[in-house]
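Just the structure for this:
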Amino acid sequence: MFRFLVLLWNTESAQCLETVEDLERRIQATSPSWGVVLRGVGMSVFMADGSRHLNARMLFNGGGVILGEIFHRQNALDAKGPAGAVQFGPKETREIVESQGRILVSRYWGNYVAFILDANRRARHVFKDPCGPLPCYFTQIGGVQLVFSCLGDCRELGLRFRVNWAFVRARVVSGLADLRAQALLEISSVHRGERISFNRFGSVESRSPYWHPCSFAGTADAILEPDIAQTALRTTLLNCTHLMAGRHSSVLAQVSGGLDSSVVLGCLGEMSDRPDITCYTAYVPDSVCDERRWARYAIWSKGYRHMEVPIAPGKLVYKNMSALASSVEPASYFTHWQRGPIERNLATQYGATVVFTGEGGDAAFCSTSYVFAVDHCLRRYGMGLRTLRTAVSVATRRDRTVWNVMGKALGRQVLGIGARDDRRRLAPFCQLVSDHARKSVEAEASISSTWLDGATWETALRMGPLAFAPSFYDLSTSHHNAAPYAASPLCAQPMFETCARIPVDVHFDGGRIRGLARRAFVREVPEPILRRQWKDRPLLQLGEVVQLNLPFVREHLLEGALMKERILDRAAVEQALGSAPSRSSAISSEILSHLDLELWIRDSA
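Numbering: from 1, shown residues only. Model prediction:
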């Protein structure tokens, strides 16, 4: 799998030079796949397992390097085809160096980390793109900064790190949000859209957020006209999908039968020189929630290869599973062991190098935030007939009264009610957390906040997966093994920005959830899926997994580190894991999330 290691140091320090020479020898001794892609003043950049998809793009004359994949930006309403390959000549490099990487946000997008060398100012800058899943972290060793993407490479260099309990407490209270707190004490994250500058001595000089979901370029230029919004939505997603698939000869498409994955598959099918497409649908045998018939609508009309893969959550026996590969952030055993082996096997069988998913569609198309359609109408039209009609549609969807929906929207707009109660919304998902942990998090508010400071609850919902820490690696296997990476066009930066510029009530076209998307992709998605207003979800899966693993779960949660640190409430956990364990999907989800965290703590020790 694609990885990088970068060394930054003080060239005037003999001790730093010795440390660098030692680290370089150790890096190249760990694997023959490591290669040096750039050596500059106080900077060495190593890359492993690069390909024509994820690789190094050099800035002119040693000005730096961009690792991953990067594409040109196009106007959301520009119907032109995909732009040509990105090249950085003298002019482009000068603009990138002089802006310290800021210009990358407005002119390019992708899944990359940029390393910029400003020789005149003797400074080094690291910039992580806003929406790509490739992570970026850094730690200090003997005065040398080691910037990396995969914790497994640090482990192979003999480095070990300590768990940050402030992060753990914030994690159980705040959910999966990307926190400012360091997960491991000696490691710092470069957050989405953030630039870190290192001075001539190799120390952090400044951190600047170049991109924020509430204040990106064009935020104020709302797309209000439904027909224009429809065109922008379709053009942007087609362009992003085609660019992301353009260098691949064979791809997997994860097709669930829902609207989002069907839209992405439809966009793949519109490519003039499309890759070989293998679709797969995972299903639970004998489940009442079987998505295969819907997936067939999306696939069979196109004639793609379709693999229907049975999964058995009831066979996920935790005590028999190997530990996940090491990671800076806690990861889901359930997700990685369900998807990783399936996708690796299919990729090997059909030569696929990437998996396209519909991840992020709930957020992008405002399925999770349509309740705010009334707020948007109030801001633009006041208490008129249009706003009332929107409130009626929202109330019908939510099984509420119109006055309940309208009253809450007015409270948010006029009085600010709801702006300070995000934790109340999370309450159903953290019922096993102790009062001690909650109070500690309140006292540690400055470190338990997220990089999304200033964002509203609506913004967080519209970001979806982008509100969480980047997740790139298949942790069910070693980072040395080949594995397809996930491409999610609905999470791409141009797609997020286009969707964010469209008010929620416009997305809620015709009083339908994802109404605008249904209009925009009528040519790509079969009519039965466009008409469908629900999604089958095997809600009892997680409860079955908990029941199957009850002795293992009890041992780890009742006798583990989370309980010893007074982070979990013993009485609540004992009740949830009693002789008749809770059947609540929220409780089951919370139990497995705490178990993931417990196992991560154990494996990090």
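
Could I get the full set of helices for the stretch 201-350 of the chain?
For the stretch 201-350 of the chain, the helices defined by DSSP state H, counting those that start in this stretch occupy 226-245, 259-269, 292-300, 333-350.

export these to CSV and tack on distance to Gly35?
Using the backbone N, CA and C atoms, a C-beta is placed for each residue, glycine as well. Below are the helices of the stretch 201-350 of the chain laid out as CSV (distance: least, CB to CB, whole Å):
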stretch, distance to Gly35
helix 226-245, 25
helix 259-269, 32
helix 292-300, 39
helix 333-350, 23
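
Any idea which of the ones you listed has the lowest pLDDT on average?
Within these, the stretch with the lowest mean pLDDT is helix 292-300, showing a mean of 90.

Tell me which of the helices of the stretch 201-350 of the chain lies nearest to Thr459.
Proximity to Thr459 (CB to CB) singles out helix 226-245 among the helices of the stretch 201-350 of the chain, at 18.4 Å.

so how far is the closest one from its chain's centroid?
20 Å (CA atoms, centre = their mean, to the nearest Å).

ok, and what's touching that helix?
69, 71, 74, 76-79, 81-83, 223, 251, 263-264, 267-268, 270-271, 274-275, 354, 356, 487, 489-490, 492, 494-495, 498-499, 501-502, 506, 509, 516-517, 519-521 (CB atoms under 8 Å, 6 or more residues apart in numbering).

quick revisit: single out the most deeply packed of the helices of the stretch 201-350 of the chain.
Across the helices of the stretch 201-350 of the chain, averaging neighbours per residue (mean count of other CB atoms under 10 Å) puts helix 259-269 on top, at a mean of 25.

So what angle separates the directions of it and helix 226-245?
Going by axes from the mean of the first three to the mean of the last three CA atoms, to 10 degrees, helix 259-269 is angled at 70 degrees with respect to helix 226-245.

so what secondary structure elements neighbour helix 259-269?
In this structure, helix 259-269 makes packing contacts with helix 226-245, strand 250-254, strand 276-283, helix 292-300, strand 354-356, helix 361-364, helix 515-520, helix 527-531, judged by 3 or more CB pairs under 8 Å, 6 or more residues apart in numbering; DSSP states H and E.

Can you pull out the low-pLDDT segments for the stretch 301-450 of the chain?
The model of the stretch 301-450 of the chain has pLDDT under 70 over residues 416-428, 445-450.

hang on, the earlier thing: looking at the helices and strands packed on helix 259-269, which is closest to Gly464?
That would be helix 361-364 among those, by CB to CB, at 2.6 Å.

Tell me the helices and strands packed up against that closest one.
Applying 3+ CB pairs under 8 Å, 6+ apart, we find helix 361-364 packed against helix 259-269, helix 457-463, helix 493-501.

and the longest one, how far from the chain's centre?
Counting by CA atoms, centre = their mean, helix 259-269 is centred 19 Å from the centre of its parent chain.

can you give me the strands for the stretch 301-450 of the chain?
Ranges of strands in the stretch 301-450 of the chain, per DSSP state E, counting those that start in this stretch, are 305-310, 354-356.

Same list (those) but as JSON lines, adding distance to Gln541 and mean neighbour count.
JSON lines is the format used below for these (distance: least, CB to CB, whole Å; neighbours: other CB atoms under 10 Å):
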{"stretch": "strand 305-310", "distance to Gln541": "13", "mean neighbour count": "14"}
{"stretch": "strand 354-356", "distance to Gln541": "21", "mean neighbour count": "25"}
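
Which of the ones you listed sits closest to Phe429?
Phe429 sits nearest to strand 354-356 of all the strands of the stretch 301-450 of the chain, at 27.4 Å, using CB to CB.

Which neighbours in the sheet does that closest one have, and how are they oriented?
Here strand 354-356 is paired, per DSSP bridges, with strand 250-254 (parallel), strand 485-487 (parallel).

A strand includes Leu7, no?
Yes. Leu7: assigned to a strand according to DSSP: H, G, I helix; E, B strand; the rest coil.

nearest to Phe138, of the helices of the stretch 201-350 of the chain?
Evaluated over the helices of the stretch 201-350 of the chain, closeness to Phe138 peaks at helix 333-350, with 24.8 Å, by CB to CB.

So what touches that closest one?
Contacts for helix 333-350 (CB under 8 Å, 6+ apart): 250, 252, 254, 276, 278, 280, 282, 305, 307, 309, 311, 313, 316, 318, 321, 324, 352-353, 355, 474-477, 481-484, 542, 545, 592, 595-596, 599.

Okay, and the closest residue in space to Ile103 that isn't next to it in sequence sits in which element?
Excluding its sequence neighbours, the residue lying closest to Ile103 (CB to CB, 6 or more residues apart in numbering) is Glu95, at 5.1 Å. Element membership for Glu95, per DSSP states H and E: helix 90-98.

Going along the chain from that helix, find the next helix or strand for me.
For helix 90-98, the succeeding helix or strand toward the C-terminus, using DSSP H and E, is helix 103-107.

same for that following helix, what does it pack against?
Right, helix 103-107 is packed against helix 90-98 by 3+ CB pairs under 8 Å, 6+ apart.

Can you mark which positions in the helix it packs on are buried?
92-93, 96-97 (16 or more other CB atoms under 10 Å).

next one: stretch 567-576
Within stretch 567-576, the residues scored as buried using 16+ other CB under 10 Å are 567-569, 573, 576.

Give me the subset of these that lies in strands.
Nothing among the buried residues of stretch 567-576 maps onto strands, per DSSP state E.

that older thread, need the helices and strands packed on helix 259-269 in CSV with distance to Gln413, can you?
Formatted as CSV, the helices and strands packed on helix 259-269 follow (distance: least, CB to CB, whole Å):
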stretch, distance to Gln413
helix 226-245, 22
strand 250-254, 38
strand 276-283, 42
helix 292-300, 38
strand 354-356, 38
helix 361-364, 22
helix 515-520, 22
helix 527-531, 32
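
Tell me which of those lies nearest to Ala48.
Proximity to Ala48 (CB to CB) singles out strand 354-356 among the helices and strands packed on helix 259-269, at 17.9 Å.

so can I have a markdown table of the strands of the stretch 301-450 of the chain showing distance to Gly193?
Output for those, formatted as a markdown table (distance: least, CB to CB, whole Å):
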| stretch | distance to Gly193 |
| --- | --- |
| strand 305-310 | 36 |
| strand 354-356 | 23 |
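
Okay, Met271 and Ile277: tell me how far apart.
According to CB to CB, to the nearest Å, Met271 and Ile277 sit 9 Å apart.

In contact with Pro130: list those residues for me.
105, 109, 192-193, 210-211, 216, 466, 493, 496.
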